[in-house]
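1. pasting the sequence and the predicted coordinates here, then a few questions.
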Number of protein chains: 2
Amino acid sequence: MEKKVVYIAGLGLIGASLALGIKRAHPNLTILGYNRSEASRIIALERGMVDQVTDDFASFAPIADVIILALPIKQTKSYLDILARLPLKDQVLVTDVGSTKAEIVAHADQVFQDQAVRFVGGHPMAGSHKTGAAAADETLFENAYYIFTPSSQTKAGSIENLKELLSGLRSRFIEINAEEHDRVTSQISHFPHLLATTLVEQAVAYGEEHPLANRFAAGGFRDMTRIAESEPGMWTSILLSNPHAILERIADFKERLDQVAETIQADNQEAIWTFFYEGRKHRQEMQIHQPAGRDSAYHLFIDVPDKEGVILEILQLLQGISLVNIHINEENREDIHGILQLTFRQAEDQKRAQELIQKATSYTVLAR
Amino acid sequence: MEKKVVYIAGLGLIGASLALGIKRAHPNLTILGYNRSEASRIIALERGMVDQVTDDFASFAPIADVIILALPIKQTKSYLDILARLPLKDQVLVTDVGSTKAEIVAHADQVFQDQAVRFVGGHPMAGSHKTGAAAADETLFENAYYIFTPSSQTKAGSIENLKELLSGLRSRFIEINAEEHDRVTSQISHFPHLLATTLVEQAVAYGEEHPLANRFAAGGFRDMTRIAESEPGMWTSILLSNPHAILERIADFKERLDQVAETIQADNQEAIWTFFYEGRKHRQEMQIHQPAGRDSAYHLFIDVPDKEGVILEILQLLQGISLVNIHINEENREDIHGILQLTFRQAEDQKRAQELIQKATSYTVLAR
């Protein structure tokens, strides 16, 4: 069998991590790389992430069996334009990694409409605060959702071929309509990002007249604004490429704020209580309580004193037990107590850990 | 010197933890406790948190030198009414623990206006997901802000006396005007809570027609909605007792959402980029990056493989170095990578830890 050629355009964190993940399952594939700037090109080549690199996107495209556009949304569209004008291999498989899908899928449908190109929209739901090929990591996509959004250019078997190619990522592959992908992510990702940034800006403006606002900002505020530190360029593209769904979520949210304001204005104790009660109930029921990409999460909350060595003491007790998450918080604690939280995948691990800790220490251990 | 009598009304988590914290610095004080329900009364007495208990609030008030109302906001006001009608000791010091202050301080000013009672509003900014005297913890308030809001009933020396009484809590005491307290907390606590609950309710409603919304809810959404699980009763009281500031924050936020919506509608790339850019810059500059109650925070981000024992390996390397925070996340990672985050109080600890890890392992370590 002829050696297949995979061409990855964009050797940033995502592209280079995809290269590593593909090599993990298919060490004998030829991986070619394109990157505009030299730094990531050199790193990807020198570290063996790719077999050859180019700064001329068009040069490698005609020899590729699979082309992965690991580029920002805007560039993805113009590179699709370029691909449509090139003499690509028959049945070449083209995919992308954009965070919004409808615009890209529609664009691919249009530019490839009379061609044998097989296009599948893709969205690996993982990332990092780091960037560039230097930060590439073959485990980046492990247990993360990797979404495929078919188009009219997605011929039979295309998605199966992609899953096989990307099997080394160990992601959770799932197939969704592109428009539905964009609606769903507007609610659980795009709009919350916008909300977090708006809350930061509101607090900063308020803090100019009320300086203690910044000083007292604690656990809840910190959690709610963490994602406001995301990369501005990426989120600008997301908002611009998914305007309808996001605007609809903004309008809906404003109506919801009006409803809450009305209950406050009316001094309606019962309605406010129901609002918080239902919110708590629904949050507790949501799947986000389980680490996504895992089937389950079992927690232990342990009251530990504020002294050195206590975490090591606990972890030494738990050697051989597989932990998903460890968190200790001794910060300003309006809404979190100074506790060590351990999270396990298996109920039996949680149970065993609880028994071990209770046997060896006098700390209060709460299982949840 | 006569043995002073401290009377704590309400032996829930806060009241009972205050009792423990007071005893820590003043083991010879007499602490009396009131609680309506029997369970916490028995626990507080049996565990020696208090010296005597009652289910009749009025009975102990006349013999107290200090009265701490550790009750919900609404009850605090009616217990102030009761106190105003009792033959209290001259110069008795009365304080409370309510999360909003203007309403309570105004009420105390009114009911005590012709009396020698010394009233100081109080707000210890700490809590836990646990409740009741059984969860009491003498370290609950360590490093947390403990706010005093003076009233016209706050005679000279009152706050100094309270600080001395509460010194065993090891809190950060601070004095603020009650109205300003409520404005500041509306921005960094009350409104964000309302926002988190609204976001949960919006996502749940959306999820009914778009079921994948719940499935994909990941890091950002999880962080933003965590505080929606707070206790409904407490937050209802907070909203009802601080309506003006909260309504003002809602109106301001809606205007800000309108501004963002306008930039999206206008496809204004530059304005959207500036919005996210400024948000990131301001978030990075905010003091919340430092654990409140500590003076500083130095982070290490370590890329660790998904295998057992790796955390223990790292922590064993760091024995003797004081850690503030440990966090590992290998969950669905749209906006967080699978990294171990270690947080230190001292720059030299961070530096030493980084050197130790880099010397002993091949993991990438990022200091920040």
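-> Ah, there it is. Since this is a predicted model, take the numbers as computed values, not measurements.
2. show me where the stretch 1-150 of chain A has helices.
-> Secondary structure of the stretch 1-150 of chain A (DSSP state H, counting those that start in this stretch): helices located at A:13-25, A:38-46, A:57-60, A:73-84, A:102-111.
3. so the longest one, near chain B or not?
-> No - figure legend: helix A:13-25 not in contact with chain B (CB under 8 Å from any CB of the partner chain); closest approach 8.9 Å. Any C-beta I mention is one placed from the backbone N, CA and C, and that applies to glycine too.
4. could you give the angle of that helix to helix A:38-46?
-> Orientation of helix A:13-25 against helix A:38-46 (axes from the mean of the first three to the mean of the last three CA atoms, to 10 degrees) gives an angle of 10 degrees.
5. got the CA coordinates for helix A:13-25 in CSV?
-> Output in CSV follows, covering the C-alpha atoms of helix A:13-25 (Å, rounded to 0.1, in the frame of the first residue of the first chain):
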residue,chain,number,x,y,z
LEU,A,13,-0.5,24.4,19.2
ILE,A,14,-3.5,22.7,17.6
GLY,A,15,-1.8,21.7,14.3
ALA,A,16,1.4,20.5,15.9
SER,A,17,-0.5,18.6,18.6
LEU,A,18,-2.6,16.9,15.8
ALA,A,19,0.6,15.9,14.1
LEU,A,20,1.9,14.3,17.3
GLY,A,21,-1.4,12.6,17.9
ILE,A,22,-1.6,11.2,14.3
LYS,A,23,2.0,9.9,14.5
ARG,A,24,1.1,8.2,17.8
ALA,A,25,-1.3,5.8,16.0
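6. from the contact counts, what lies against it?
-> strand A:5-9, strand A:30-34, helix A:38-46 (3 or more CB pairs under 8 Å, 6 or more residues apart in numbering or on different chains; DSSP states H and E).
7. in JSON lines, list these along with mean neighbour count, distance to chain B and mean pLDDT.
-> Listed next are the helices and strands packed on helix A:13-25 as JSON lines, based on neighbours: other CB atoms under 10 Å in any protein chain shown; distance: least, CB to the nearest CB, whole Å; pLDDT from 0 to 100:
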{"stretch": "strand A:5-9", "mean neighbour count": "25", "distance to chain B": "20", "mean pLDDT": "98"}
{"stretch": "strand A:30-34", "mean neighbour count": "23", "distance to chain B": "21", "mean pLDDT": "98"}
{"stretch": "helix A:38-46", "mean neighbour count": "17", "distance to chain B": "13", "mean pLDDT": "95"}
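8. these: which one's closest to residue A:245?
-> Across these, residue A:245 has its closest neighbour in strand A:5-9 (27.2 Å, CB to CB).
9. one step back: distance to residue A:96 added to the helices and strands packed on helix A:13-25, as TSV?
-> Converted to TSV, those look like this (distance: least, CB to CB, whole Å):
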stretch	distance to residue A:96
strand A:5-9	9
strand A:30-34	14
helix A:38-46	18
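10. residues in contact with residue A:32?
-> A:5, A:6, A:7, A:8, A:50, A:51, A:52, A:53, A:54, A:60, A:63, A:64 (CB atoms under 8 Å, 6 or more residues apart in numbering or on different chains).
11. phi, psi for residue A:301 please.
-> Backbone torsions for residue A:301, taken as degrees, to the nearest 10, come to phi -110, psi 120.
12. show me the domain layout of chain A.
-> Domain ranges of chain A: A:5-176, A:181-285, A:298-367, per automatic domain parsing.
13. mean pLDDT for these: which is lowest?
-> If you rank those by mean pLDDT, domain A:298-367 sits at the bottom with a mean of 75.
14. end-to-end on that domain?
-> 8 Å (CA to CA, to the nearest Å).
15. repeat that for stretch A:222-229.
-> Start and end residues of stretch A:222-229 are separated by 11 Å (CA to CA).
16. need the residues that contact it.
-> Stretch A:222-229 is contacted by residues A:129, A:192-193, A:196-197, A:199-200, A:203, B:192, B:195-196, B:219-220, B:223-224, B:226-227, B:279-280, B:282-284, B:286, B:288, B:335 when judged by CB under 8 Å, 6+ apart.
17. repeat that for stretch A:45-65.
-> Stretch A:45-65 is contacted by residues A:4-9, A:11, A:16, A:19-20, A:23, A:30-36, A:38, A:41-44, A:67, A:79, A:82-83, A:86-89, A:92-93, A:133, A:136 when judged by CB under 8 Å, 6+ apart.
18. next: stretch A:160-177.
-> Stretch A:160-177 has contacts (CB under 8 Å, 6+ apart) with A:6, A:18, A:21-26, A:66, A:93, A:95, A:120, A:122, A:124, A:126, A:138-150, A:159, A:184, A:293, B:212.
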